[in-house]
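Asks: attaching a predicted model along with its sequence, questions to come.
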Amino acid sequence: MAQSQNTAGLAGVTAGKTAICTVGKEGVGLTYRGYAIDDLARRAEFEEVAYLLLYGELPTRSQLEDYKRRLAARRGLPQGVKTALEVLPADTHPMDVMRTGASVLGTIEQENDPAAQQHDVADRLLAAFPSMLLYWYHFTHSGDRIEVETDDDRIGAHFLHLLHGVRPDEESIKAMSTSLILYAEHEFNASTFTARVITATLSDFYSAVVGAIGALRGPLHGGANEKAMALIESFSDPDDAEAGLRRMLANKEKIMGFGHRVYKTGDPRNPIIKAWSEQLAGDDPERRNLYAISERLEQVMQDEKGMFPNADFYHATAYNFLGIPTELFTPIFVISRLTGWGAHIFEQRADNRLIRPSADYIGPDTREFVPIDARG
Ligand SMILES: CC(=O)SCCNC(=O)CCNC(=O)[C@H](O)C(C)(C)COP(=O)(O)OP(=O)(O)OC[C@H]1O[C@@H](n2cnc3c(N)ncnc32)[C@H](O)[C@@H]1OP(=O)(O)O
Ligand SMILES: O=C([O-])CC(=O)C(=O)O
C-alpha cells in the first residue's frame, strides 16, 4: 500500500511515548515535565531547567547550587580534545566542530557502563560544549589558546565570557538563559528522534549526541536561525524586506524561521524571544532597523501565507544583538538541546526496543541479473 501523502515525513505519526514534553497539546501547549514554558522561561534559570530535564524534578536551592558548581568544575578540556580541535580548519562549520568535539571526548572519556555513567556524561558534555566551541573558535581565528575555565556560575555567562573575553552584563546573561530554556526540549523533533534511534541500538551516549548534532545542523531544523539572520541582514530596510520577501514567495522559496511541523497557529516560544530581541535592540539605530525588518517579514508572512515565526526567527536578531557571530547560533542550540536529548536517551534506555520501521517498496519488479559484459 502506498504511503498516504499526509504521513510523508512521518507527519502526525505517533512513534512512541514520552513523559518529558508536550508540544502543541490542546489546552496545554509546550511543557517540560508538566511545567509551562512561559513559567520556566520567565521564572527559572537554564540550569534549573537542565536539572529538571536530566534529573526529573526541579532542584531545590541547594541542589541547584551544587549542580552549578558541578557543571563549572567540568568545563576543562583534555589535551587530546584540544589537539583535535586545533587541526580543524578555520572555515569548518562550527556545528561540525561540536560534532567532532563530542566524538573525540567520547573516545577519551568513554561511556562503557551507561547505567552508572549516563548522567555524568550528559553533565560533562553540557559543561564542555562551550569550551570546545570557543577554544576552536579563538585558536583558528586569532591563534589564541584560551583558558576555557571561568568562574561564571551560569552556562550563558560562561559562553559569552569565553566568546567576548569579558564578563557579560546581567541583561545579556538573562537573555542567554531564557534562550537556552526555550531551545532545551521539543518532544520527537528530528534531532531528538535521531538520538533515540541511535540509543535504541544500545549504542553509547556520545554516538546518540553526535547523530543528533548532524540532524540539528540542517536548515529545516536548527540551522534555520543562521539562515534567518542571513535573510534579515540581506535587506536594507523594512520596505526593501517586504519587496524582497514578496519576490521570494512568488518564486515559491521557503522562508527560514517560519512554519513548523506541529504548531499550526503560532510557536509559544516566539513572543518570549521576540520580546528579548526588541529589548536587546535598545535605541541602537542599526539594531532597530534589523528588528523592524524582522517585524515586517513577520507581518508579510502572516498576511500572504498565514505563517508565523518559529523559535528560530527572533533568535537570529537576539543573538546578533548579543554580539554572537551568526555561525555560532546553531551550536548554542546544541548546548541547550543536549539537555532534551539527554532526557530522551535516558527515557529510551529505560524502556528500550529497537526502532526499525517498515517501508512501502516502490522499486522495479524482480528481474533477471545481467552479467556486466552483457549490459548495454
Ligand atoms: C527549531 C526548529 O527546528 S523549528 C523549524 C526550523 N525550520 C525552518 O524554519 C525552515 C523553514 N520551514 C520549513 O521548511 C517547514 O515549515 C518545516 C520543515 C519546519 C516543517 O515542514 P513540514 O511540516 O513538512 O511542512 P511542509 O513543508 O509540508 O509545508 C506545508 C506548506 O507550507 C509551505 N511552507 C512551509 N514552511 C514554509 C516556509 N518557511 N516558507 C514558505 N512556505 C512554507 C510549504 O511549501 C507547503 O506548501 P504547499 O502545501 O503549497 O506545498
Ligand atoms: O519540534 C520540531 O519539529 C522542531 C524543534 O526541535 C523545535 O521546534 O524546537
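Replies: Received it, and whenever you're ready, just let me know what you need. Ligands and ions are numbered 1, 2, ... in the order given.

Asks: buried stuff in the longest helix belonging to the chain?
Replies: Longest helix in the chain by number of residues (criterion: DSSP state H): helix 114-142. Neighbour counts using 16 or more other Cβ atoms under 10 Å place 114, 117-118, 121-140 of helix 114-142 among the buried residues. All C-beta spots, glycine's among them, are computed from the backbone N, C-alpha and C.

Asks: for that helix, packing partners?
Replies: If you count contacts as 3 or more Cβ pairs under 8 Å, 6 or more residues apart in numbering; DSSP states H and E, helix 114-142 packs onto helix 46-55, helix 61-72, helix 79-86, helix 94-108, helix 155-164, helix 205-217, helix 329-350.

Asks: torsion angles phi and psi at residue 32?
Replies: Main-chain dihedrals, residue 32, degrees, to the nearest 10: phi -110, psi 120.

Asks: measure it to ligand 2 for me?
Replies: 12 Å (Cβ to the nearest ligand atom, to the nearest Å).

Asks: give me the neighbour count for that residue.
Replies: Close neighbours of residue 32, defined as other Cβ atoms under 10 Å, add up to 24.

Asks: tally of neighbours for the closest residue to ligand 2 within the stretch 151-300 of the chain?
Replies: Nearest residue of the stretch 151-300 of the chain to ligand 2: residue 189, at 3.1 Å (Cβ to the nearest ligand atom). Neighbour count of residue 189, defined by other Cβ under 10 Å: 24.

Asks: what do you get for residue 288?
Replies: Using other Cβ under 10 Å, residue 288 has 13 neighbouring residues.

Asks: contacts for the strand or helix carrying it next, please.
Replies: Using DSSP states H and E, residue 288 falls within helix 285-305. For helix 285-305, the surrounding residues in contact (Cβ atoms under 8 Å, 6 or more residues apart in numbering) are 231-233, 235, 237-242, 245-246, 249, 255, 258, 277-278, 280-281, 307-309, 313-314, 316-317, 320-321.

Asks: would you mind writing the CA trace of the worst-scoring helix or strand of the chain on mean pLDDT as PDB?
Replies: Sorting the helices and strands of the chain by mean pLDDT, DSSP states H and E puts strand 21-25 at the bottom, at a mean of 92. Below are the C-alpha coordinates for strand 21-25, written out as PDB (Å, rounded to 0.1, in the frame of the first residue of the first chain):
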ATOM      1  CA  CYS A  21       7.400  17.200  27.000                       C
ATOM      2  CA  THR A  22       4.200  18.200  25.400                       C
ATOM      3  CA  VAL A  23       4.200  20.200  22.100                       C
ATOM      4  CA  GLY A  24       1.100  22.000  21.000                       C
ATOM      5  CA  LYS A  25      -1.200  19.800  23.000                       C
END
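
Asks: which residues touch that strand?
Replies: Here strand 21-25 makes contact (Cβ under 8 Å, 6+ apart) with 28-33, 185-187, 262-264, 340.

Asks: at 10 Å what do you get?
Replies: Residues outside strand 21-25 that contact it (Cβ atoms under 10 Å, 6 or more residues apart in numbering) are 28-34, 36-37, 53, 184-189, 192, 260-268, 340, 343-344.

Asks: that strand - which strands sit beside it in the sheet, and in what orientation?
Replies: Strand 21-25 pairs in its sheet with strand 29-32 (antiparallel), by DSSP bridges.
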